[in-house]
Structure formats: C-alpha cells, structure tokens
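what's the 3D shape of this:
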Amino acid sequence: MYISDTHLRSFLADAGLVSQKDFDAAEIEAKASHKTIADILTAKNEIGEDELRRTYAYILGIPFVSLVGTVIKFETLSLIPEPVARRNNIIAYAQKGDELEVAMLDTDDLAAIDFIKKKTRHKILARLTDVASIKSALKQYQQGLKDNLGDVIKRETESLARSASALGSGEIKDEDLHKVAEGVPAVRIVDTLLRHANAQGASDIHIEPLENSLLIRYRIDGILHDAMELPKHAAPAITARLKVLSNMRLDEHRLPQDGRFSAEGSGERVSFRVSVLPTYFGEKIVMRLLRDSISGFTLEGIGFHGTGLERMHEAMRKTTGMILSCGPTGAGKSTTLYTLLDIVNTPDVNISTIEDPIEYQMARVNQTQVRPDIGFTFANGLRSLVRQDPDIIMVGEIRDKETASLAINAALTGHLVLSTLHTNSASGAIPRLLDMGVEPFLLASTLRVIIGQRLVRKLAGEKEQYELSRDETARLEKTVDVGTVLKALKEEKAVAASATWKNISFYKPKESTTAPSGYSGRSGIYEVLPVTSTIKELMMKNGGGDEMEKQAKSEGMLTMSEDGIFKAAQGITTIEEVLRVITE
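This next block holds a predicted model:
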C-alpha cells in the first residue's frame, strides 16, 4: 500500500499520533537505511502496526474491519482454505450473492486476491484489518471444522447403524463390504476424517478398534493425541472404504496389507500411506500423511547451522562418495535426503532413486519403488540404477550387506550416493557397516559425511522466558558439555561475546488457543560427522563408535544433545524437549 510521505506526515501530525520531531528522525534514518518511514516508525514503537493500518485505510478510503469477537459462518470462512488464509493473512468473513468480503493485512496482495477470485468465482471486496482480527478468525477454522466433523460423523454413523441392521445380523458381511465402502456414509466419514487430520497438521492417523468403540488418534508434532471415539459399528465401513481407496483386498481380514492413495486437501495434494494390521478386536489402520511437495526446503530451514552446515555443503560439492543420514524411524531422515536432492537437482545432472516407499514426488528425479514381493529389492534395484547413467543416486535405506556393498561400489565408481541407516548416532554408523561385512578401506574411501538426527517440537510464538538456576545448570552439565555449546553460540553470534552460562535465557512453552501444547511444528537437531583423515585412521583400526565421536568432537562436531541445547538457547525449543527426544 503506497502512501506518499507527505500524506502520511500530514495525517499523523493532525491526528497527534507521531510528533514532527520523531517523524523527521525516522525520515533521516529511512533514507540512510533504504527502508520506508513507516517501517522505521513501527520498529521504534512510535506507532503500532495495527494503528498504522487504520491510518492507511483512512487515507486510502479503504474500509477497515475488526473481526475480534465476530463469529464467521463456517461455509463462508472455509471458502478460503486455512493454509492460504494463514499464509496470506486473508479471511473471508461475509458473503452476499456473488460478492465476497475479505479482510486482509495488505490489500495490495493482488496475487492472493486473484487466487481467491478464481477459486471461489466471486467478486472480491478487499478490506483492511489488524493482526488481532486475523488471529481471531484463524482460530475459528479449527472450531468450525471440529463442529462440522462432529455433525457429519454423528449423522453418517447413525446411517451406517441403520444399514447394518437392515442387512440382518447388525454386522456387515464380506459380500456387502464393497457396497458399503462406496456408500455415502462411509465416503463422508472418511473424507471428513482425512480433511480434519490434514487441517490439524497430523503426520499420522491411527484408527484403532477397541472392545466397544473405534478410537481415532492423530500424531501431531511427533506426539499421539486422542482425536475422537466412534461407535464400534462404524469400523467395518471405514476399514472397507480405506481398503478400496488403497487397492487392498476387501475380503482379507487375517493378513496385514499395505497400500497408498492421494487426495486434494486445503489447496495441496496429500498422499496417504496405509497399513492395515489384524488385532484382537479388529483391523487396526495407520495412515502416514505425506505432503507431496518437498521443494523449497533448505538445510538452514530444517535446522542445520554453523560448522555442520559448512560440512554439509562441502560434501555436496563432491561428485563422488557417500552421504549417510542416521537415526530411528521418524527422525526426519527422508526429509534431509529429499532436501539435499532438491538442492543438487539441476538440469546438468541425472538423479535416480530406489525407495521404499516413495514418500515425496520430485520433478526431474527418476524415482523407483522396491517390490520385495516380486523379488525387486534395494540390491536388485541398485544394480539396475547404475546402468542408467546416473550422476546422483539415493538409496532409501541400507538394510543388508549386499545393498551396502553395491552402494559403496557406486560411490567408488563416479557417483554421489545418498542413503539412510538405522543407528542412534552418527558415529554408530561406521561400526554398523563394519558389522555388515563392509571392508574398512572401502568405507574410508567413500564416506564423506555422516549425519545423526532427531526431531524436536518447536515452541510456538508465545513462550515464557527464564534463566537456569544453579541446580538446573548442574543437572544440565551432567548431560551435555555446556562449554562447547556456549562456544558455538558465541561463534555464531547467537549471544554476546561476553555472555556466560548464567545469563543465557531459555524458554518454556506457553499455552494458547492456537497452540494448546505451547508447541507448533518440528525442527531437526543434528550431529554432522565429517570423515576426516583421523576418522579414517580409526576406521582402519576398527575403532569403536565412542572413540570416533570423541575424535569428531575434538575437531568441532556438536553432538545432537549439544545442538539441541544450542537451539533451546535460541528459543527454538526447550531443554525438556531435547532431553525427551535424546533419551527416548
């Protein structure tokens, strides 16, 4: 929103919002820093951002609306998908005929207005609003979706109960499952569940049969939460519907089955990886939600920094060798490898992958899914990949000696190989590969860098600041080398050069309506072990993991726990969250 400095000066002076002296000082600083006067005034707290927006609205003649305390109809609110509303700070709040009134923080965001116009086919009337209004409206998405979900679930499960009764025994027979799976109640229940889980930011959906009910749970930010309980009679229809979507056998109830399907939700495409497992009370279903687009991630964005980041970039500049990401299931290894692939995915290289499963689809990358049931394993796939003239190869996981040997051979013969390994630390990868039967001299020739990683929950915007007591500091010192962490904080200018451990602030989660747990999202904590000449010497001597970690630390490596405390001192996460993840 452009307003000339003259108009802004005149109005602010007339309204008594900013003194002439403060405006002149801001004008001088704006010219020197190449910023706007408005930015300088808000940065110095001479005027609030919301007050400035009201000023702009008045000068430009744009209506200003406050949505605080306003209940918006869910059918109107949901015309704009929540991710779009949150990303662009735009709320649909009133609808009349073909006209849709939207409240925005920036009415010059023409791309957002055009997107909403095309999506809704309404005439868009843009209004200015404030941050409090946007926050208030965003909270209504969850409540509205929850209410809508409850109404749909209640109505459709009652319909399912009537259908089951009509079929005779009250239970749905195998020959009727397909009919029930394609019926309106089952379709609506499953569709609503999937949309709700996606809107909540869930990474997994658990559908668990109990003795007298069906428990639905979501994994959000790595923690499982109860979402709802459904009547027991809804289980066969929901299971049948998900089996149909995933191309599984409807009449198979005794053996585990796996499948996959995709759906559009809130303006993005989501893939669901489905696993069905027979249990005592029925078939349990777990679905992993995979947002198809992984592009745009950076190493900095997922949590790498400092010396570790430099070592990652150095390894990626090589055209041969191997980069390994290590950690337990759910540690974010795939995201790390996909981020690396996205960075090196340029027109002048050929990238091929062999995965189980293909979690994200990437443009210009040749991705192959293993099929052990027909004999197409990682080892067989890797043999074929090297004949496809690749420059970069990603192997989803090294599980056995044969795959390890082939991956190392590929790294020796002119390929950059990325892969994962299930170990608890970076240093534990080398003994694990040696136990698989890989020759030490081959490891020393190919390994470039090994990453150990975990995921920690990130603190939401509102958080409580505190300083460690003497007892808390003493307990922390037993877990991590606080001197190393303090040194890293100073080197990266995250704290003052004169800072001591006593005056470094940490943070605790603070509950809010938008983040009930005080956490929102996750970030990686890492240890990046470069395979230096000294580490190679230890490999050749069959040195243990502890010995290698000690050597890597002496060469500047931050361990995962130290990196976690580093991020806790930055306010990204908490000490308790780091210790929870490291000691799991």
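
Could you use CA atoms for every contact and neighbour count after this?
Will do.

May I see the buried residues of the one helix or strand Ile354 maps to?
With elements delineated by DSSP states H and E, Ile354 resides in strand 351-355, which encompasses its position. Buried residues in strand 351-355, counting neighbours by 16 or more other C-alpha atoms under 10 Å, are found at 351-355.

Of those, which pair is most distant in space?
The two members of these with the most space between them (C-alpha to C-alpha) are Ile351 and Glu355, at 13.0 Å.

which residues do these two both contact?
Applying C-alpha atoms under 8 Å, 6 or more residues apart in numbering, one finds that Ile351 and Glu355 are jointly contacted by Met394.

Look at Glu397 and tell me its secondary structure.
coil (DSSP: H, G, I helix; E, B strand; the rest coil).

what about Leu341, helix or strand, and which?
Per DSSP H and E: Leu341 is located in helix 333-344.

Go through that helix and flag the buried ones.
333-343.

shaky segments in the stretch 251-400 of the chain?
By pLDDT under 70, the low-scoring segments of the stretch 251-400 of the chain are 265-268, 292-296.

What ranges does it have for its helices?
All helices of the stretch 251-400 of the chain, identified by DSSP state H, counting those that start in this stretch, fall at 306-316, 333-344, 378-385.

From the contact counts, what lies against the first one?
By that I understand helix 306-316. Under the contact criterion of 3 or more C-alpha pairs under 8 Å, 6 or more residues apart in numbering; DSSP states H and E, helix 306-316 touches strand 447-459, strand 519-530.

Recalculate using a threshold of 10 Å.
strand 321-326, helix 333-344, strand 416-421, strand 447-459, helix 482-491, strand 519-530 (3 or more C-alpha pairs under 10 Å, 6 or more residues apart in numbering; DSSP states H and E).

Okay, and the beta partners of the nearest residue to Leu529 once chain neighbours are set aside?
Across the structure, with C-alpha to C-alpha, 6 or more residues apart in numbering as the measure, the residue nearest Leu529 apart from its sequence neighbours is Ile450 (5.1 Å). Assessed by DSSP bridges, Ile450 has beta-bridge partners Leu324, Leu529.

okay, now Ile450: neighbour count?
Using other C-alpha atoms under 10 Å, the number of residues around Ile450 comes to 27.

Now do it against Thr353, distance only.
19 Å (C-alpha to C-alpha, to the nearest Å).

quick revisit: separation between the residue nearest to Leu529 and Ile351?
When distance is defined by C-alpha to C-alpha, Ile450 is 21 Å away from Ile351.

And Ala112, by the same measure?
35 Å.

Check Tyr360 too.
Here the distance between Tyr360 and Ile351 works out to 14 Å (C-alpha to C-alpha).

Just give the closest residue to Arg291, not the sequence neighbours.
The nearest residue in space to Arg291 (C-alpha to C-alpha, 6+ apart) is Val270, at 4.6 Å.

Tell me how many other residues crowd that neighbour.
A count of nearby residues for Val270, using other C-alpha under 10 Å, gives 21.

which residues touch it?
By C-alpha atoms under 10 Å, 6 or more residues apart in numbering, the contact list for Val270 reads 194, 198, 261-264, 288-293, 360.

Might one say that Ile392 is in contact with Asp348?
No - under the criterion of C-alpha atoms under 10 Å, Ile392 is not in contact with Asp348, lying 11.1 Å apart.

Just grab the bridge partners of the residue nearest to Arg291 for me.
When bridges are taken as DSSP bridges, the partners of Val270 come out as Ala263, Arg291.

Distance-wise, check it relative to Glu359.
The spacing between Val270 and Glu359, counted by C-alpha to C-alpha, is 10 Å.

Also Ile575?
When distances are taken as C-alpha to C-alpha, Ile575 and Glu359 turn out to be 31 Å apart.

Which one's more surrounded, these two?
A count of neighbours by other C-alpha under 10 Å puts Glu359 above the other of Ile575 and Glu359, at 22 against 19.

ok, for that one, nearest residue in space, not its chain neighbours?
Leu290 (6.4 Å).

what number of residues lie near Arg127?
20.

Count residues in the vicinity of the residue nearest to it when sequence neighbours are not counted, would you?
If you skip the residues right next to it in sequence, Arg127 has Ala103 as its closest partner in space, 4.7 Å away by C-alpha to C-alpha, 6+ apart. Here the neighbour count serves as a burial measure; for Ala103 (other C-alpha under 10 Å) it reads 26.

next one: Glu252
Counted with other C-alpha under 10 Å, residues neighbouring Glu252 total 12.

Residue ranges in the stretch 451-584 of the chain under the pLDDT threshold?
For the stretch 451-584 of the chain, the ranges with pLDDT under 70 are 513-514, 584.

Sketch out the helices for it, chain order is fine.
Under the criterion DSSP H, counting those that start in this stretch, the stretch 451-584 of the chain carries helices at the ranges 470-477, 482-491, 533-540, 545-554, 560-569, 575-582.

So which of those is nearest Val180?
Nearest to Val180, of all the helices of the stretch 451-584 of the chain, is helix 575-582, at 42.6 Å by C-alpha to C-alpha.

Packing partners of that closest one?
Under the contact criterion of 3+ C-alpha pairs under 10 Å, 6+ apart, the helices and strands touching helix 575-582 comprise strand 447-459, strand 505-509, strand 519-530, helix 560-569.

what sits up against it?
With contact meaning C-alpha under 10 Å, 6+ apart, helix 575-582 is reached by 222, 331, 424, 453-459, 476, 479, 506-508, 525, 560-569, 574.

Give me the buried entries from the residues you listed.
When those are checked for burial by 16+ other C-alpha under 10 Å, the buried set is 222, 331, 453-459, 476, 506-508, 525, 560-569, 574.

List the buried residues of stretch 247-261.
Neighbour-count burial for stretch 247-261, with 16+ other C-alpha under 10 Å as criterion, is recorded at 248, 250, 257-260.

typo on my end, it should be stretch 474-484
By 16+ other C-alpha under 10 Å, the buried positions in stretch 474-484 come out as 476, 480, 482, 484.

Does the last one touch Glu562 like I think?
What that stands for is Thr484. Yes - here Thr484 lies in contact with Glu562, judged by C-alpha under 10 Å, at a distance of 7.6 Å.
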